[in-house]
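# what follows is a predicted structure for the sequence shown.
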Protein chains: 2
Amino acid sequence: MPVVDLDRFDFLYARRVRGLRSSAARDLMAMLSRPGIISLAGGFPDTSAFGSEALKRIAAAVADDSARALQYGPTGGLEEIKDIIMDVMAAEGTPARQEDVFLTTGAQQGLDLIGRVFLDEGDAVICEAPTYVGALNAFSSYRPRILHVPMDRHGMDVAAAAEAIQRARRQKVAVKFIYTVPNFQNPAGVTLSGERRRQLLELAREHDLIIVEDNPYGVLRFDGEAPPTISSLEQASGELERVVYLGTFSKIFAPGVRLGWVHAQQGILHKVNVGKQAADLCSSNLSQMLIVAYFRSGEWRGYIRRLLKVYRERRDAMLDALAEFMPEEVYWTHPDGGFFVWVTLPEYLDATAMLPQAIQRNIAYVPGEGFYADGAGKNCMRLNFSFVEPEKIRRGIELLSEVIKERMEFRDKLERGSRARARRKERTQR
Amino acid sequence: MPVVDLDRFDFLYARRVRGLRSSAARDLMAMLSRPGIISLAGGFPDTSAFGSEALKRIAAAVADDSARALQYGPTGGLEEIKDIIMDVMAAEGTPARQEDVFLTTGAQQGLDLIGRVFLDEGDAVICEAPTYVGALNAFSSYRPRILHVPMDRHGMDVAAAAEAIQRARRQKVAVKFIYTVPNFQNPAGVTLSGERRRQLLELAREHDLIIVEDNPYGVLRFDGEAPPTISSLEQASGELERVVYLGTFSKIFAPGVRLGWVHAQQGILHKVNVGKQAADLCSSNLSQMLIVAYFRSGEWRGYIRRLLKVYRERRDAMLDALAEFMPEEVYWTHPDGGFFVWVTLPEYLDATAMLPQAIQRNIAYVPGEGFYADGAGKNCMRLNFSFVEPEKIRRGIELLSEVIKERMEFRDKLERGSRARARRKERTQR
């Protein structure tokens, strides 16, 4: 087989393919399976807690109806899994009707279908800064403008979002929706406050926009009281109109089944349905039936309590280690749940440039740059605590802090060097 | 919950959503579960032949490695399933290297990703007439022009394809690829001859285009010798360059696992990889491991022999019944494999308009219109034989022929009536 010219068909590719970025987190995966490396770069749940016996039991139950499990299913999912989803949403205080639930191949497909339904080239989307890299990937297939809105510890700055919308409208740019991960955001670990959720809904009403509420981590709360979902706020006012809620089984059951869902009003779901037929016809009956077999037993509530215990311990280990090892100029967020801590280094440090050195020292993270569409976030990094044992987290943060300190000292020396050079130059010039 | 205005957000939807059509075949599904109805409208394999015990056995094997089965996997699929895919492609005489195989969520996702990688709005795609409705759905997300090329019993008319390409080029339209289902085409049941496959590859070379060879039914051949795949023809000439081959486990194992693949050169797969990350991150590890567990045993070859026996019998039942019951002016194709027979009615009959009457008589089919992007095919229908027992097929064709005859007689009466009116008018005017 001769060597292939990778650019051979550049003239035939669509413009969007140049815009699509390969996810840094996923491209790293191959490298990170090296033994000895401590990877805080993943976004994985801990699937070891589920157990082979439990999987064997539910698989055997599903196999009794093998012809159906192996067959094509309805585009929007089996009715019985929609009932399960209603239970799961109720656990977060969000009402749902069976007909407003639409099954997707992971929440990632939900993002892709929402992009497909709403985005023409050049349309604008309001996103947090930073935002979920998978959302940027999904939306970018449809070539929109991403308008990043800053966050603080209470989540997206709603006043800044309002300004961004007004600025876009003045420039005749159509803003289609506001995208938010309200709970323990990926990557920043920040939660949108109840107050801001109400304001965001008001803002969307004022400008007649959609809100896409992407909520994979909602039930994974370790501390404090959960603010109401934006969808539940809208429904409490007697309507289901502009809030499109995305959920997933990846974090409460397993990513390996590739199942998530969209909860939205009928008009939007009709368009999503057309998109789903084009994208992959339907999701796996087999996966759906496995979930139904497991969730019907009610065991999932106990399973999530087990997960919470594991994840809380790991979150604590990470926060403790950060406090113990990191130099003073480094800051990080304090998530009440979810999978991630967001670390901000001094502005002069570049986390992307630092990564190879870190990997050489057996510690990996995701550089912050990928979570922005505009090249910001260079001095930031996302750390994952859900997939790594506490002792490894502690050792990993220690290694990471060493790499950071070396970089800071290196810069310090450079600065002193250049100051010395500047002084010498001054003296020579005198 | 108040009544929802379905068009409430029309001003926010992307232009493509109006272009996307809901698949007629799938929309019918709900209606067709009515007891007593004989549906020749599906496109389903018969999954009852697989059996609960076999599924239980492979599921138990997979559950032993539950943490991995339930986790996220690599974007392009696990290495061990790529080895299985190489075996399956070898069974059709198509060489494949592990690195040229990329796993997708069914072949439908392969079509979507190919559209995403190659199609800007207004680009042209060469398709058979009729063509697979799922391909039309997938491509239409990217708003191309579909250039239909007529078929005869040897498949796509290559000279007509050449003319269509030249015409498009004269109009400054960029033709990106030729799409073909070469074996027992869905919907027409026709197979592209070996001679035409060579000509089509030559044509693509001449115009420097991609060929998308969509081959879900290739191993489901009942009669005759298989012509070489277009991919194997290209590889026999020492290169893997412009042929993108799509395969699926839906027909040789089960649609319920939602797994297919793309076989192409590295440059194209790199773009497909970026698209897959955006679309659904990765396919199900669990599904992949089930397939690996089953296919490694080699049992699949025996399973396909069992399927062939079942499907051949059903195909024969359908062809016999068509010959026995259909009126003279009706024509149909004689597939050597696959799932479908294509029926052409007299031009004055409209299969879409006739469908409600047929369903009332307990017989369903897919009207031909959906398999064309240009409104042609109104007097045609697709009949499925893979999913229905022989006696039901016979009864179904009998019912269908009655509906068709009634329509023909109705038209006959109308014609005689109008001729009589014309004569009366003539007499009055004299």
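It's in. Numbering: from 1, shown residues only, chains lettered A, B, ... in the order given.
# use CA for all of it now, contacts and neighbours both
OK.
# quick check: A:Gly302 is in a helix.
Yes. A:Gly302: assigned to a helix according to DSSP: H, G, I helix; E, B strand; the rest coil.
# any idea how many residues pack against it?
10 (other C-alpha atoms under 10 Å in any protein chain shown).
# just A:Arg419 next, same as before
Counted with other C-alpha under 10 Å, A:Arg419 comes out at 12.
# go on, A:Pro327?
15.
# what helix or strand does it sit in?
Using DSSP states H and E, A:Pro327 sits within no helix or strand.
# list the contacts for it?
Residues counted as contacts of A:Pro327 (C-alpha atoms under 8 Å, 6 or more residues apart in numbering or on different chains) are A:401, A:405.
# just A:Leu345 next, same as before
Contacts of A:Leu345 by C-alpha under 8 Å, 6+ apart are A:329-331, A:379-380.
# so A:Cys282 touches A:Gln71, yeah?
No. A:Cys282 lies out of contact with A:Gln71 (C-alpha atoms under 8 Å); the separation is 10.4 Å.
# quickly list what's touching both of the two.
By C-alpha under 8 Å, 6+ apart, no residue touches both A:Cys282 and A:Gln71.
# of the two, who's got more company?
A:Cys282 (26 against 22).
# just give the nearest non-adjacent residue to that one, would you?
The spatially closest residue to A:Cys282, leaving aside those adjacent along the chain, is A:Thr75, at 4.4 Å (C-alpha to C-alpha, 6 or more residues apart in numbering or on different chains).
# using the three-state scheme, assign the one you found.
Applying three-state DSSP: A:Thr75 is coil.
# and it, how far from B:Gln266?
Distance of A:Thr75 to B:Gln266, given as C-alpha to C-alpha, to the nearest Å: 32 Å.
# same question, A:Val133
Taking C-alpha to C-alpha, one finds A:Val133 at 24 Å from B:Gln266.
# next one: A:Asn183
Counting by C-alpha to C-alpha, the gap from A:Asn183 to B:Gln266 is 39 Å.
# between those two, who's got more neighbours?
A:Asn183 (29 against 20).
# pretty sure the more buried one contacts A:Phe222?
No. Counting by C-alpha under 8 Å, A:Asn183 stays clear of A:Phe222, with 11.7 Å between them.
# for those two, list the residues in contact with both.
A:Gly337.
# list the buried ones in the strand ranked longest in chain A?
Using DSSP state E, we find that the single longest strand of chain A is strand A:145-152. Of all the residues in strand A:145-152, those buried under the rule 16 or more other C-alpha atoms under 10 Å in any protein chain shown are A:145-151.
# tell me the helix or strand right after it.
strand A:155-156.
# so how far is whichever helix or strand comes after that next one off the chain centroid?
Next in sequence after strand A:155-156, counting helices and strands by DSSP H and E, comes helix A:158-170. Remark: helix A:158-170 is offset 24 Å from the chain centroid, using C-alpha atoms, centre = their mean, to the nearest Å.
# packing partners of helix A:158-170?
strand A:124-129, strand A:145-152, strand A:175-180, helix A:194-207 (3 or more C-alpha pairs under 8 Å, 6 or more residues apart in numbering or on different chains; DSSP states H and E).
# report the angle between that helix and strand A:145-152.
Helix A:158-170 and strand A:145-152 are oriented at 160 degrees to each other (axes from the mean of the first three to the mean of the last three C-alpha atoms, to 10 degrees).
# all helices for the stretch 1-150 of chain A, in order.
Using DSSP state H, counting those that start in this stretch, the helices of the stretch 1-150 of chain A run over residues A:15-19, A:24-32, A:52-63, A:66-69, A:79-91, A:106-118, A:133-140.
# got JSON lines for the ones you listed, with mean neighbour count too?
Output for the helices of the stretch 1-150 of chain A, formatted as JSON lines (neighbours: other C-alpha atoms under 10 Å in any protein chain shown):
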{"stretch": "helix A:15-19", "mean neighbour count": "17"}
{"stretch": "helix A:24-32", "mean neighbour count": "15"}
{"stretch": "helix A:52-63", "mean neighbour count": "20"}
{"stretch": "helix A:66-69", "mean neighbour count": "22"}
{"stretch": "helix A:79-91", "mean neighbour count": "19"}
{"stretch": "helix A:106-118", "mean neighbour count": "27"}
{"stretch": "helix A:133-140", "mean neighbour count": "25"}
